Structures are given as C-alpha cells and as structure tokens.
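A.B. asks: A predicted structure for the sequence below; I have some questions about it.
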Amino acid sequence: MIVIFGIFLLTLLVITAIAIVRTDNLFVAVMLMGIASLLIAANFFLLDAADVALTEAAVGAGISTVLFLGALALTSERERSKSSNRLLSFTVVAAAALILIYATFDKPRFGDPEAPAQTHVAPWYLEKTPEYIGIPNVVTAVLGSFRGYDTLGEVFVVFTAGIGVLFLLGGGKPAGTLPPEQENEGLRHHLIPRVVGRVLIPFILLFGLYVQFHGEYGPGGGFQAGAIFAAAIILYALVEGEQRALSVLPESVLLGMMAFGPLLYGAVGIAGIVLGGNFLDYSVLSSDPVKGQQLGILLIEAGVGISVTGVLLAVFHAFAARGR
Amino acid sequence: MATLLDTLSWVLLTLGGISVLIGGIGALRMPDLYTRMHAASVTDSMGAILVLIGIMLQAGWSLATIKLVAILLFLLLTSPTSSNALASAALLAGTRPFAETRQDGKAPE
C-alpha cells in the first residue's frame, strides 16, 4: 500500500516538474515549486524520514516560496523568450538523465536489509544513542552530536549564504527615509487576513518553540524551528506592514542573530576543548556525560534556530527594501 | 460499538473524499477564477471537516485526536481566509467576474 502511495506521489512530482519546465509564467512556476516541495515532503514522510519531511515542508514549501515571491516582485512575471540553442541543452539533459538512470542499476533494492545504509554506521548509531545520549530521536543525536561537524558546516553555509544574499541585494533605501504615505502598510486595511493573522501568529511561534525544543523527542530541531519562527514574523510583516515587523526585530538584531548562531555553536565546541575533551565533544560539559551530551545538543540546536531565523528574516527584509 | 465507529468513520472519509473530488471537478470546469475558487474552497473546507472527523473516530480518545482537532481549527481559520485574500487580490488586480463580462456584451474569456 505504501509503495503504491509512494509511486502515486512520485508520479505527481514528475508531472509537477514537467509543468514547472513548461510554464513561462514565473509566478505559476513558484507556486508549482511549492507543490513539488510538499509532494516530496509527503514522500519523505512515507519513508519514515519525518525530520527531513518537516524541513522540506517548512523550508521548501514555506519559506523559499515566500523568498521566490519576494524576488519575483523585483523582476517580471514572464520568462524571457528561450534561447535558440535547444538541441545542445536537450543533449546535455538527456545524457545526464541516462547516466543517472544507469547509476540507479547499482542501487540496492528498496528496503534491502543488506544495503550499505543499513549495515554501515546506522546500526551503531541506533544501538549506542540510548547509552551515550539518552534521547529517543536518533536523528537529532546523529545530527547534533555524532555528526556535529557536518551540522556546524551547515550552519556556516546558511550564514555565508545569508551574507552573500545581503551583499547582492544591499543598497536599498533605509526604511526611515521614505515619506510615511509611501511606506508599505501591509494588509492593515484588509480586516479578515489581518484579524486571522493576528490570531495565528502566537500559535505559530508556540509551534516553533515546540519544534525547537521537542527535537530530541520527536521530529524537529533548529533548522525547522528557525523556518517556522521566520514564517511567523513574515506573516506579521505581511498583515501589519514591514515597518512594524522591523520595529519588533530591527535589522541590527537580525544581523546579530545571524552571527550569534554559528558563534554559539563554535563556543560550545571550544568549551569542550577547554573542559578537557575534543572539539564538539559535549560529554565533558556536565559531570554526567549523558547530561552533557543533552545540554550540548540543546545549545547547538538553539544556535542553529537563532541563525536560521536571522538569515531568513534578513533576506526577506532585504528583498522588501530592494522593492521600495 | 467498534464496528459502528468503523462504519461511521468510513462513511465520513468517503463523503469527505467525494466532496474534495467534486471541488476538484468544479475547479477544472467552472468558467472564471471566482466560480472556480468558490467550487474549490467550499468543498475543501467541507472535505477537511469530514475527513478529519473520520480520522478522529479511528484514533479514539488519544493525543492524536487532540492534534487532529488543532489541525481542524487551523484549517477552518486559514482556508476561508486564504480564499478571501485570493479573491480580494484578484479583484484588486482587475480580474472581472464572468457574469459581468457577459452583460457588457463582450465575449467571455
């Protein structure tokens, strides 16, 4: 049954992908990309990868659609007429597709117990997580502790990407210089979205906190929670006007958050060295190694969440400032 | 009792599925944006209510039911709001309703 459902979702995904390529209306393409993200998120969930599914739904279907719309507001809605050299691009794409299909022949069968993914390090993680870290969600244990270097790298990638986008989009007029009537008022005159938005925002923030701090027990963690926090503030900016959102979380605070996340993560790692362990070895953070691991994961997840929120909101405001 | 709950749950799930299907057909067949939205949004809310209550009957008194109630409340708040926002945006962008263009004597698009 699950296999049938998975094939159904993947078929829809292929249809959506073809529709994205075929349309020349960029607005439609952005909406279809949101749908594609949601479909692949459902597929991840079918494969029991709830953490990845949550990330894909929050980041792929949620925030990136908003950021794409922000980018579209700066450019035109229609795609420019296609370049003439279609034969070359068709050849390249066809060759790449054939290579990828050829590569799948070597892949283990779906659910094969002898697959490298099941025999390499995964059994060790599953066996040792209760002993070393004592939390139910092995994904969080792997992400935060066993593979802490990789996650540190990811946080720096997010940070670097944020800086890059801010440099590219920089040069928008500062918010205070516009006359008041030109300032973006959001949906303040549209009563229904405004009221419902105001009702929902506290609950979205609460859900973000739940995803952030429940990540050790269920699916969730800093990346997903950061996207959800950013979504709540972006909703506030949309219904109340961007200025109000900027007065809640000013640009300087957002830039500080961007940098604070990786700093906190790195500081936890260095604290491990200072207390006599290795870099990112949380066991030494507390007298009980298991408690130390949990404390370390909590701190680095907080760093991830703060950094992701800061980057996404700073990029959103940069797009909005550019549009003025 | 269990059979009764199962039957009721399946009836609700099937009705919900039919409702969403009707909405989908309406969204494809209706002549303009507003009637399409009407078809899709009304049946979508109805379908969501029926399907979620159907799943609640399957879940029984558990944490899952409370989560489903939260999802239902969220959908009941957001789905009409997004339809309203979409319709206002379309009106603001100058999309005219189908009936109006017919009275003008122009061909409907």
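C.D. replies: Right, received. Where do you want to start? Numbering: from 1, shown residues only, chains lettered A, B, ... in the order given.
A.B. asks: which residue does chain B bring closest to chain A?
C.D. replies: Among residues of chain B, the one nearest chain A by Cβ to the nearest Cβ turns out to be B:Thr81. It sits 4.3 Å away. C-beta here means a position set from N, CA and C on the backbone, and glycine is covered the same way.
A.B. asks: residues contacting that residue?
C.D. replies: Applying Cβ atoms under 8 Å, 6 or more residues apart in numbering or on different chains, one finds that B:Thr81 lies in contact with A:192-193, A:196-197.
A.B. asks: for A:Gly222, same thing?
C.D. replies: For A:Gly222, the contact set (Cβ under 8 Å, 6+ apart) comprises A:212, A:215, A:300-308.
A.B. asks: circling back: top of the contacts of B:Thr81 by neighbour count?
C.D. replies: When neighbours are counted by other Cβ atoms under 10 Å in any protein chain shown, A:Gly197 leads these with 23 neighbours.
A.B. asks: Now for chain B, the helix or strand with the poorest mean pLDDT.
C.D. replies: In chain B, the helix or strand scored least confidently by mean pLDDT, DSSP states H and E is helix B:98-103, which has a mean of 60.
A.B. asks: quick one: secondary structure of the most centrally placed residue in chain B?
C.D. replies: Residue closest to the average C-alpha location in chain B (Cα atoms, centre = their mean): B:Asp44, at 1.2 Å. For B:Asp44, the reduced secondary structure class is helix; criterion used: DSSP: H, G, I helix; E, B strand; the rest coil.
A.B. asks: Buried residues, the helix or strand where A:Leu69 lies. List them.
C.D. replies: Taking DSSP states H and E as the definition, A:Leu69 sits inside helix A:64-74. Taking 16 or more other Cβ atoms under 10 Å in any protein chain shown as the basis for neighbour counts, the residues of helix A:64-74 that come out buried are A:64-68, A:70-71.
A.B. asks: Next: stretch A:267-281.
C.D. replies: Of the residues in stretch A:267-281, those buried under the neighbour-count criterion (16+ other Cβ under 10 Å) are A:268-269, A:271-272, A:277, A:280-281.
A.B. asks: can you count the residues close to B:Thr14?
C.D. replies: 13.
A.B. asks: what's the spacing between it and A:Thr160?
C.D. replies: Here B:Thr14 is placed at a distance of 51 Å from A:Thr160 (Cβ to Cβ, to the nearest Å).
A.B. asks: Now the two most distant members of the contacts of A:Gly222.
C.D. replies: Set against one another by Cβ to Cβ, the contacts of A:Gly222 have their most distant pair in A:Gly215 and A:Ser307, with a gap of 15.2 Å.
A.B. asks: where does the chain have low pLDDT?
C.D. replies: The chain I'm using is chain A. A:82-84, A:171-188, A:324 (pLDDT under 70).
A.B. asks: hm, I was asking about chain B
C.D. replies: Chain B contains residues with pLDDT under 70 at B:99-109.
A.B. asks: now with 80?
C.D. replies: Flagging of chain B using pLDDT under 80 yields the residue ranges B:1, B:97-109.
A.B. asks: before we move on, the earlier item: need the CA coordinates for the helix holding A:Leu69. CSV is fine.
C.D. replies: Provided in CSV are the C-alpha atoms of helix A:64-74 (Å, rounded to 0.1, in the frame of the first residue of the first chain):
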residue,chain,number,x,y,z
SER,A,64,11.5,29.5,-0.1
THR,A,65,8.1,30.2,-1.8
VAL,A,66,7.9,33.5,0.1
LEU,A,67,11.5,34.4,-0.8
PHE,A,68,10.9,33.5,-4.5
LEU,A,69,7.8,35.7,-4.5
GLY,A,70,10.0,38.5,-3.0
ALA,A,71,12.4,38.0,-5.8
LEU,A,72,9.6,38.0,-8.4
ALA,A,73,8.3,41.3,-7.0
LEU,A,74,11.6,42.8,-8.2
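A.B. asks: Only the C-alpha atoms, please, for the helix or strand just after that helix, written as CSV.
C.D. replies: As assigned by DSSP H and E, the chain's next helix or strand after helix A:64-74 is helix A:86-104. Coordinates of the C-alpha atoms in helix A:86-104 are reproduced here as CSV (Å, rounded to 0.1, in the frame of the first residue of the first chain):
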residue,chain,number,x,y,z
ARG,A,86,17.8,23.9,-27.7
LEU,A,87,19.5,20.9,-29.3
LEU,A,88,22.6,21.4,-27.1
SER,A,89,20.6,21.7,-23.9
PHE,A,90,18.5,18.7,-24.8
THR,A,91,21.6,16.6,-25.4
VAL,A,92,23.2,17.6,-22.1
VAL,A,93,20.0,16.9,-20.2
ALA,A,94,19.4,13.6,-21.9
ALA,A,95,22.9,12.5,-21.3
ALA,A,96,22.7,13.4,-17.6
ALA,A,97,19.4,11.6,-17.3
LEU,A,98,20.8,8.4,-18.9
ILE,A,99,23.8,8.5,-16.6
LEU,A,100,21.6,8.9,-13.6
ILE,A,101,19.3,6.1,-14.7
TYR,A,102,22.4,3.9,-15.3
ALA,A,103,23.6,4.7,-11.8
THR,A,104,20.3,3.5,-10.3
